[in-house]
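J.: how would this look folded up:
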Amino acid sequence: MSSKAQSGLRTFKRDFSSSSVMPQSSQEIEWSSSQPAAPLTGAQQRLKDIQDALSGKSVSSEKKISKEPLASSKTWNKRPSDPDLKPAPQKRKLPDSWSAAPEPKIQRSSSSATKHSGIKEVYVLSSTKDKKRKVASVFLSQEQTRILKLVQDGESVFYTGSAGTGKSVLLREIIKALKKKWPNSSDAIAITASTGIAACNIGGVTIHSFSGIGLGTESVDVLVNKVRKNKKAYSRWTRTKVLIIDEVSMVDGDLFDKIAQVGSRLRGSPKPFGGIQLVVTGDFFQLPPVGKSGVKFAFEAKLWGETIKRTFNLTKVFRQTDQEFVDMLNEMRFGCLSGASISRFRSLSRSIEYDDGLGPTELFPRREEVDRANSGRLSGLQTEAMTYTAQDGGPLALTDSGKKMLSNFMAPEVLTLRKDAQVMLIKNTDENLVNGSMGRVRRFVDPMTYGIEDDVDALAEDGSSKSSSKPPSKPAKKSAVVGTVQLYPEVEFVLPHGARRRVLVMPEISKVELPNGELQVSRSQLPLILSWAMSIHKSQGQTLDRVKVDLGKVFEKGKCDGQAYVALSRATSLEGLQVLNFDPNKVMAHPKVIQWSKTLETLDD
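T.: Prediction:
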């Protein structure tokens, strides 16, 4: 760096400390009165000033912020509008509570951060909803498109398909299309699922919560009176135009009939569900319903056929491209394995080879096993721990029902991370970083200086100064707040085709809302989970490049409930799948499901 550029940088640093003009965050946030906060969007102007200083241009403390957009592709691509600018506090401090921290939008960092990281792209992953964020384009197959059209035309449909056929993708597109159909009626579409986890994944509530019947063990007469006394539940029934039920495989047939009759009585219509259009999906070969008197599937309900006239089976598999693997999974799904498939599954007991530092995710049937495996791997890292405690809110947050809703969020209440921890992103952010993207924590940084001061040695790889690079003799565990500075993890994600990208991960807000938009509970937490291990139940809908499964732990229950099929079908390839204790004698499918599946329509591309 030339002496002129160094002089310019020193001038900027001196003048910036006394600057009285900084842009304010475009979103108003209520700060703690004891901790004045500088908004993150001030980094945009500081970045431009640093570049000016490095090029030898003088930087004045009285310099006005230009109203022209930044033209260089190496600088921030968006700035706040003029009304958002006003004098900032003199001292640049972050608030004590990270939940009150300014929420930056996803923006590309400067070339200075590129030098430090060795990665071409460095981003800030924010908790705000950026309407201009480029998300992955969704391309539906012909069969998916035809089902979507039927739904838009008002048909009540059920669709299913083997793992990886795009059931969840289609459901999100259906929800999006229905919201466009009724833009001025927020409670026209009721988004529900059989379980809390499935409901959280699609931004809805459980079918029990929507209907207002609770567990639904009483008679229809009692349930109808119960709902009529609940004004909100009664209003939902009368105002809903489309009812979506995801993971219907776990809805008992008798419960399906009860809900259908309750809807009919409340809406004063002889039709099941009072004539509401139904969009139902799920895979009956996976997790079955839990009933006291044995299994009765939803398709066995008396009113199923009267309610749903069209039932479809998706056939195009997107998750796996290896036809051999697709055929093996289909054989397992139907409980009819060939000798060749049995031999191939047994050969998968070898370890998975990888060279990018990201090991396979091990799937377990119980949450306690997941917690034990992740905690053990985390403790083995000889690096300092940072703990992030979620900020929960909403009118039901302190109630038993609200706590149950919060427990269904993928984002944990308490998240402890260390440098080199293996993590998974649990939110779609853009066309490359999606739910399921895997990475490693590289360091913990101050978002106020991220991407700007890296080039002047503000932070070392372990989040401290470069002069103290030795790891602590006894790894400590502390809050992610150091003094008045809140530190967040920088994660290096591995993208498709081996590309890598470093991202500063900030908190995201997850919500449970009723169909009319009324908030039930919310959680603000980093959109990350430890990914050395995961429960089979929470892995439903996930696509994992590397999977390890000990089927001995799954089969020990002595019955086939689809968990083995769910676990193995998360993998994208045979090369990325390790299977231990495979027993073909315990692979089976329910005969009722096999027989009923033959009646499904197919819409070939």
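J.: which regions of the stretch 101-250 of the chain lie under the pLDDT threshold?
T.: Regions of the stretch 101-250 of the chain meeting the criterion pLDDT under 70 cover residues 101-137.
J.: show me where it has helices.
T.: 111-117, 142-152, 167-181, 196-201, 207-211, 220-228, 231-239 (DSSP state H, counting those that start in this stretch).
J.: same for the fourth one, what does it pack against?
T.: Yep, that's helix 196-201 we're talking about. Helix 196-201 sits against strand 189-193, strand 205-206, strand 242-246, helix 400-407, strand 508-513, with contacts defined as 3 or more Cβ pairs under 8 Å, 6 or more residues apart in numbering; DSSP states H and E. For glycine as for every other residue, the C-beta is placed from the backbone atoms N, C-alpha and C.
J.: go on, the third one?
T.: Identification of packing neighbours for helix 167-181 by 3+ Cβ pairs under 8 Å, 6+ apart yields helix 142-152, strand 157-161, strand 189-193, strand 242-246, strand 277-281.
J.: quick one: closest of the ones you listed to residue 547.
T.: Of all the helices and strands packed on helix 167-181, strand 157-161 sits nearest to residue 547, with 20.0 Å by Cβ to Cβ.
J.: parallel or antiparallel, list what pairs with the closest one.
T.: Partner strands and pairing direction for strand 157-161 (DSSP bridges) are strand 277-281 (parallel), strand 310-314 (parallel).
J.: what residues sit buried inside the last one?
T.: In this case it means strand 310-314. Within strand 310-314, the residues scored as buried using 16 or more other Cβ atoms under 10 Å are 311-314.
J.: and if you look at stretch 581-596?
T.: 582, 584, 586-590, 593-594.
J.: pLDDT on it, on average?
T.: Regarding stretch 581-596, the rounded mean pLDDT is 91.
J.: contacts for it, please.
T.: By Cβ atoms under 8 Å, 6 or more residues apart in numbering, the surrounding residues in contact with stretch 581-596 are 284-285, 288, 295, 297, 299-300, 332-337, 342, 345-346, 348-349, 550-553, 555, 560, 564-565.
J.: end to end, how far does it reach?
T.: Start-to-end span of stretch 581-596 (Cα to Cα, to the nearest Å) is 31 Å.
J.: likewise stretch 526-535?
T.: Using Cα to Cα, one end of stretch 526-535 lies 19 Å from the other.
J.: also stretch 314-323?
T.: Start-to-end, stretch 314-323 (Cα to Cα) is 16 Å.
J.: for it, buried residues please.
T.: Buried residues in stretch 314-323, counted by 16+ other Cβ under 10 Å: 314, 317, 319-320.
J.: kindly report the same for stretch 428-445.
T.: By neighbour count with 16+ other Cβ under 10 Å, stretch 428-445 contains the buried residues 428-429, 433-445.
J.: average pLDDT for that stretch?
T.: Mean predicted confidence for stretch 428-445 is 89.
J.: what's the first-to-last distance across it?
T.: Start-to-end span of stretch 428-445 (Cα to Cα) is 23 Å.
J.: ok, stretch 203-210 next?
T.: First residue to last in stretch 203-210 (Cα to Cα) measures 13 Å.
J.: could you do stretch 146-166 as well?
T.: So stretch 146-166: terminal residues 14 Å apart, Cα to Cα.
J.: in the stretch 301-450 of the chain, where is pLDDT below threshold?
T.: The model of the stretch 301-450 of the chain has no residue with pLDDT under 70.
J.: where exactly do the helices run in it?
T.: 304-307, 323-333, 339-346, 367-379, 400-407.
J.: now the angle between helix 323-333 and the third one, please.
T.: Interaxial angle of helix 339-346 relative to helix 323-333 (axes from the mean of the first three to the mean of the last three Cα atoms, to 10 degrees): 100 degrees.
J.: show me where the stretch 451-600 of the chain has its helices.
T.: In chain order, the stretch 451-600 of the chain shows helices spanning 536-539, 551-555, 563-568, 591-597, with DSSP H, counting those that start in this stretch as the criterion.
J.: what is the closest residue to residue 348 other than its chain neighbours paired to in the beta sheet?
T.: Leaving aside its chain neighbours, residue 348 sits nearest to residue 579 (4.2 Å; criterion: Cβ to Cβ, 6 or more residues apart in numbering). Residues in a beta bridge with residue 579, per DSSP bridges, are residue 549.
J.: contacts only, for residue 207.
T.: Shown in contact with residue 207 (Cβ under 8 Å, 6+ apart): 192-194, 245, 251, 259.
J.: again with residue 260
T.: By Cβ under 8 Å, 6+ apart, the residues touching residue 260 are 272-273, 301, 303, 307.
J.: and the furthest pair within those residues?
T.: 273 and 301 (11.6 Å).
J.: picking up where we left off before, between the contacts of residue 260, which is nearest residue 573?
T.: Using Cβ to Cβ, residue 301 is the member of the contacts of residue 260 that lies nearest residue 573, at 38.2 Å.
J.: so what's the closest one up against?
T.: With the criterion set at Cβ under 8 Å, 6+ apart, residue 301 makes contact with 253-254, 256-257, 260.
J.: wait, residue 366 sits on residue 535?
T.: Yes. Counting by Cβ atoms under 8 Å, residue 366 does reach residue 535; the two are 7.0 Å apart.
J.: neighbour count: the two, which is higher?
T.: residue 535 (19 against 12; other Cβ atoms under 10 Å).
J.: give me the beta-bridge partners of that one?
T.: Beta-bridge pairing of residue 535, defined through DSSP bridges, involves residue 364.
J.: distance of it relative to residue 379?
T.: Using Cβ to Cβ, to the nearest Å, residue 535 is found at 20 Å from residue 379.
J.: same check, this time on residue 282
T.: Using Cβ to Cβ, we find residue 282 at a distance of 38 Å from residue 379.
J.: among those two, which residue is more densely surrounded?
T.: The neighbour count for residue 282 versus residue 379, taken as other Cβ under 10 Å, is higher for residue 282 (23 against 13).
J.: distance-wise, check the nearest residue to residue 358 once chain neighbours are set aside relative to residue 355.
T.: Residue nearest to residue 358 in three dimensions, not counting chain neighbours: residue 438, with 5.1 Å by Cβ to Cβ, 6+ apart. Separation of residue 438 from residue 355 (Cβ to Cβ): 14 Å.
J.: let me see the contact set for residue 214.
T.: Residue 214 neighbours (Cβ under 8 Å, 6+ apart): 208, 226.
J.: using the three-state scheme, assign residue 273.
T.: helix (DSSP: H, G, I helix; E, B strand; the rest coil).
J.: ok so, going back, nearest to residue 198, of the helices of the stretch 301-450 of the chain?
T.: helix 400-407 (12.6 Å).
J.: who does the closest one touch, helix- and strand-wise?
T.: On a contact count with 3+ Cβ pairs under 8 Å, 6+ apart, helix 400-407 meets helix 196-201, strand 519-525.
J.: I'd like the ones you listed written out as TSV, with distance to residue 500 and mean neighbour count added.
T.: Formatted as TSV, those follow (distance: least, Cβ to Cβ, whole Å; neighbours: other Cβ atoms under 10 Å):
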stretch	distance to residue 500	mean neighbour count
helix 196-201	27	22
strand 519-525	25	21
